[in-house]
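A.B. asks: Give me a 3D structure for the following:
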Amino acid sequence: MLKSKCFSKKSYVVIGMGKTGCSIHKSLINSGAVVYFWEDNPKHSKKILNKGYKKYSSKISQIDYVIPSPGIATKGKSAHKLIKRLTSKNTKLISELDLFQIYLDNLNIRNQIKIIAVTGTNGKSTTVSIIHHILKKNKFNTQLAGNIGNPIFETKMIKKGFYVLELSSYQLESSKIFQPDIACILNLTPDHLARHNTMSNYGNAKLNIFKNINSSQKGFFNNDSIIKKLIKKNNHLNKMRNLKQINKNKKNSTKKLNINQYNLLINDQNYRFSYEILQEVGLSSKKIFNAFKSFRGLEFRQQIIFSDKKKLIINDSKSTNYHSLIAALKKYKDIILICGGQIKSNNINILDDSLGNIKKVIIIGEESNTFHKYFQSKVTTVYVHSLDKAVVEMSKFMKTNTDFNTFLFSPGAASFDQYNNFEERGRHFNKLISKLSKQ
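C.D. replies: Numbers count the residues shown, from 1 in each chain. As a prediction, the model looks like this:
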């Protein structure tokens, strides 16, 4: 857990007591601060209160800082009511990332610590996991944290080494002073527009990762027309010479490694950015490649859960938008696709150039219209609503078709219509396949 004297004798309100909010609250308490909480969910609020935490009330006259958890809206009409109320009384809004920056700035050994921060729509978790893995293999002290599920303020305090952070647009949205040593935007495709309203707002939230880096620090971004356009519009970023564009088809020394020979379930983009970042911190190609061989990918990201001479079963539950679905469709052949869920965009036609390998589509989810209308005129399509019934449909197909097939569970949509998160959805699929294999 991180703690610092710089937080002591100040008062804070933490809004949203999920994993991130609780970790910040605990860190501040242990740093000698006066800390209150606010939780919108009455049951969860009561549970937190019973643990002895102090709940904020309007009777409290002075609060120095209000800290929203990443899921709490901070801007415009949708901004949380308590944020509006407190900031109108001169309470300062501070993000989790800016609080972390204050912690770093008050370390005597700050120059011994490097912050690697990665954002983007797809591939963040895999990329930071590769970087963390390779640093560990090369005997560096490294902490993996952020949107990947490990709260920043819950990590160990280190005197020398790396914090490798996966950052979401929610985390970056209200960041003002956060300053990573190496920053990266992998890609930018439509996502979280219910929160950000427009692609421009979403993109500008992501661009905050570059906002404060200085000439001795480095930024990497994809050869992405949306990112390039937003950077060009931003005079400050457009003038920066330490931002490096990574071209999609760039030929460099990464070609020395045939990543397919190691059966690593990652795509070229994740590897390419990891390689560039690791070289930037001083690792040689040889050291990167040797460590890379032992990386085996993450759960639910094009995860092979069964294979034999007749079939390949892939769990890609992390596929929560069309672009991640496209990546899977282009990688495999003879596909029986299971997709569907809570859609994030109506622009499903972007799948048009990726349908050549599909034999059949099985659709799940509470709202099937978008997927069903799109696929039914292009390929054999069936709607079954639940994942359980989708696996039954898979089983029927296996019994009547003796050719080789790839059974690809790649939803291309969020999980929240039927599951709490993509991990729960992925575990359910694995459990169903395990039962199927025993029949």
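A.B. asks: got the domain boundaries for this protein?
C.D. replies: Following automatic domain parsing, one finds the domains of the chain at 5-94, 98-292, 303-437.
A.B. asks: Check those domains for me: which has the lowest mean pLDDT.
C.D. replies: Mean pLDDT values for those show the minimum at domain 98-292, a mean of 86.
A.B. asks: for that domain, how far is the first residue from the last?
C.D. replies: With Cα to Cα, to the nearest Å as the measure, the ends of domain 98-292 fall 32 Å from one another.
A.B. asks: just the strands in the stretch 251-400 of the chain please.
C.D. replies: Taking DSSP state E, counting those that start in this stretch, the strands of the stretch 251-400 of the chain run over residues 303-307, 311-315, 335-339, 358-364, 380-385.
A.B. asks: What pairs with the first one, parallel or antiparallel?
C.D. replies: Within its sheet, strand 303-307 is paired with strand 311-315 (antiparallel), according to DSSP bridges.
A.B. asks: picking up where we left off before, closest to Tyr65 out of the strands of the stretch 251-400 of the chain?
C.D. replies: Closest to Tyr65 of these, according to Cβ to Cβ: strand 303-307, at 40.9 Å. C-betas here are computed from N, CA, C, even on glycine.
A.B. asks: what comes into contact with the closest one?
C.D. replies: Asn263, Leu265, Gly297, Leu312, Ile313, Ile314, Asn315, Asp316, Gly426, Asn430, Ile433, Ser437 (Cβ atoms under 8 Å, 6 or more residues apart in numbering).
A.B. asks: Would you mind saying which of the strands of the stretch 251-400 of the chain lies nearest Lys10?
C.D. replies: Using Cβ to Cβ, the strands of the stretch 251-400 of the chain put strand 303-307 closest to Lys10, at 44.6 Å.
A.B. asks: for the closest one, which positions count as buried?
C.D. replies: Neighbour counts over strand 303-307 (16 or more other Cβ atoms under 10 Å) mark Gln303, Ile305 as buried.
A.B. asks: Export that strand to CSV, keeping only CA atoms.
C.D. replies: Written as CSV, here are the backbone C-alpha positions of strand 303-307 (Å, rounded to 0.1, in the frame of the first residue of the first chain):
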residue,chain,number,x,y,z
GLN,A,303,-7.7,-17.9,-25.2
ILE,A,304,-7.4,-21.5,-26.6
ILE,A,305,-9.4,-23.7,-24.2
PHE,A,306,-9.6,-26.8,-26.4
SER,A,307,-8.0,-28.1,-29.5
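A.B. asks: which residues of the stretch 251-400 of the chain fall in helices?
C.D. replies: For the stretch 251-400 of the chain, the helices defined by DSSP state H, counting those that start in this stretch cover 268-280, 285-292, 322-331, 369-375, 387-400.
A.B. asks: closest one to Leu188 among those?
C.D. replies: Among the helices of the stretch 251-400 of the chain, helix 322-331 comes nearest to Leu188, with 9.8 Å by Cβ to Cβ.
A.B. asks: Restricting to C-alpha, output that closest one in PDB.
C.D. replies: Extracted in PDB, the C-alpha atoms of helix 322-331 (Å, rounded to 0.1, in the frame of the first residue of the first chain):
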ATOM      1  CA  TYR A 322     -16.500  -4.600 -33.100                       C
ATOM      2  CA  HIS A 323     -12.800  -3.800 -33.500                       C
ATOM      3  CA  SER A 324     -11.800  -6.600 -31.100                       C
ATOM      4  CA  LEU A 325     -14.200  -9.000 -32.900                       C
ATOM      5  CA  ILE A 326     -12.600  -8.000 -36.200                       C
ATOM      6  CA  ALA A 327      -9.100  -9.000 -34.900                       C
ATOM      7  CA  ALA A 328     -10.400 -12.400 -34.000                       C
ATOM      8  CA  LEU A 329     -12.300 -13.000 -37.200                       C
ATOM      9  CA  LYS A 330      -9.200 -12.200 -39.300                       C
ATOM     10  CA  LYS A 331      -7.000 -14.600 -37.300                       C
END
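A.B. asks: That helix packs against which elements?
C.D. replies: strand 335-339 (3 or more Cβ pairs under 8 Å, 6 or more residues apart in numbering; DSSP states H and E).
A.B. asks: How far does the strand it packs on sit from its chain's centre?
C.D. replies: Remark: strand 335-339 is offset 24 Å from the chain centroid, using Cα atoms, centre = their mean, to the nearest Å.
A.B. asks: Name the surrounding residues that touch that strand.
C.D. replies: With Cβ under 8 Å, 6+ apart as the test, strand 335-339 has contacts from 325, 329, 357-364, 371, 387, 390, 394, 397, 405-413.
A.B. asks: Compute the inter-axis angle for it and strand 311-315.
C.D. replies: Between strand 335-339 and strand 311-315, the angle comes out at 20 degrees (axes from the mean of the first three to the mean of the last three Cα atoms, to 10 degrees).
A.B. asks: sec struct for the closest residue to Tyr170 other than its chain neighbours, please.
C.D. replies: Once flanking residues are discounted, Tyr170 sits nearest to Pro70: 3.9 Å by Cβ to Cβ, 6 or more residues apart in numbering. Secondary structure, DSSP: H, G, I helix; E, B strand; the rest coil: Pro70 is coil.
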